[in-house]
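In: Next one to model:
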Amino acid sequence: MKRKSQTLGNQSGFSLIELMVVVAIIGLLASVAIPQFSKFQNRAKQAEAQEVLAAIYSAETGFFSQYNFYYGGLETVGVGKPVAAAKIRYDAGFAATGALPANTGVTPPAGDAATLGGLCAGTCDFVLANGSAAAGPPSAAATGWGANATPTAAGFGANATALLNTGGAIDTWEIDQTKKINNSINGT
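Out: Numbers count the residues shown, from 1 in each chain. The predicted structure follows:
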């Protein structure tokens, strides 16, 4: 009677070394892809700042064409406040309110968002880097508001600020009456 012999050559599967090589390759790809993904996310977040500043520019130039004066009251010039408790990243506004000349005939509405609070003036929740919400703009003392010009007959300077990365710098964008937009502090 003949015995059947077993051969080990017919087994299929992966060796430990093959699995370790695959894990190493996946780790290498992840180490390259994750930072690139973070940069892409920050660029997408910065689009909000550019959009808000473009709206301020449009409203200011429209107001100027009618009254020959730039003004720091966002509601008066036509930039509405976001809905209360809206989740946004950037607050935008001017360094100071300025004053309307007497001959404009414009009466700003009560509560016009013309002060340091900017576009939100306390009505927005700010989305922080970790996804949680804060009651006001991050580290307002470090945002560089003072660099922007109070709106006058000659021009204006507005900025938008947000904290994009925990522990990072405050991301600050600026625009003026010439439509020059600048990322003065890159917080990415």
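In: mind showing which ranges of this protein have poor pLDDT?
Out: 1-11, 81-86, 95-105, 108-118, 120-125, 128-150 (pLDDT under 70).
In: what do you get if the cut-off is 90, keeping everything else the same?
Out: Along the chain, the model assigns pLDDT under 90 to residues 1-15, 33-46, 48-49, 52-53, 56, 60, 63-64, 66-178, 180-188.
In: and the helix or strand that contains residue 47, what does it pack onto?
Out: Per DSSP states H and E, residue 47 falls inside helix 16-67. If you count contacts as 3 or more C-beta pairs under 8 Å, 6 or more residues apart in numbering; DSSP states H and E, helix 16-67 packs onto helix 74-77, strand 91-94, strand 157-163, strand 170-176, strand 181-185. Using the backbone N, CA and C atoms, a C-beta is placed for each residue, glycine as well.
In: Recalculate using a threshold of 7 Å.
Out: Packing partners of helix 16-67 (3 or more C-beta pairs under 7 Å, 6 or more residues apart in numbering; DSSP states H and E): helix 74-77, strand 91-94, strand 157-163, strand 170-176.
In: winner for burial among those?
Out: Of all the helices and strands packed on helix 16-67, strand 91-94 has the most neighbours on average by mean count of other C-beta atoms under 10 Å, namely a mean of 27.
In: Just the CA trace of that one, in PDB.
Out: Presented in PDB, the C-alpha positions along strand 91-94 are these (Å, rounded to 0.1, in the frame of the first residue of the first chain):
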ATOM      1  CA  ASP A  91     -14.100  87.600  11.000                       C
ATOM      2  CA  ALA A  92     -13.700  90.600   8.700                       C
ATOM      3  CA  GLY A  93     -13.900  94.300   9.200                       C
ATOM      4  CA  PHE A  94     -11.900  97.600   9.600                       C
END
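In: Parallel or antiparallel, list what pairs with that strand.
Out: Its sheet considered, strand 91-94 pairs with strand 157-163 (antiparallel) by DSSP bridges.
In: got the helices and strands packed on helix 16-67 as TSV, with distance to residue 61 columns?
Out: As requested, the helices and strands packed on helix 16-67 are arranged in TSV below (distance: least, C-beta to C-beta, whole Å):
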stretch	distance to residue 61
helix 74-77	9
strand 91-94	15
strand 157-163	12
strand 170-176	11
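In: Can you tell me which of these is nearest to residue 106?
Out: Nearest to residue 106, of all the helices and strands packed on helix 16-67, is helix 74-77, at 6.3 Å by C-beta to C-beta.
In: That'll do, ta.
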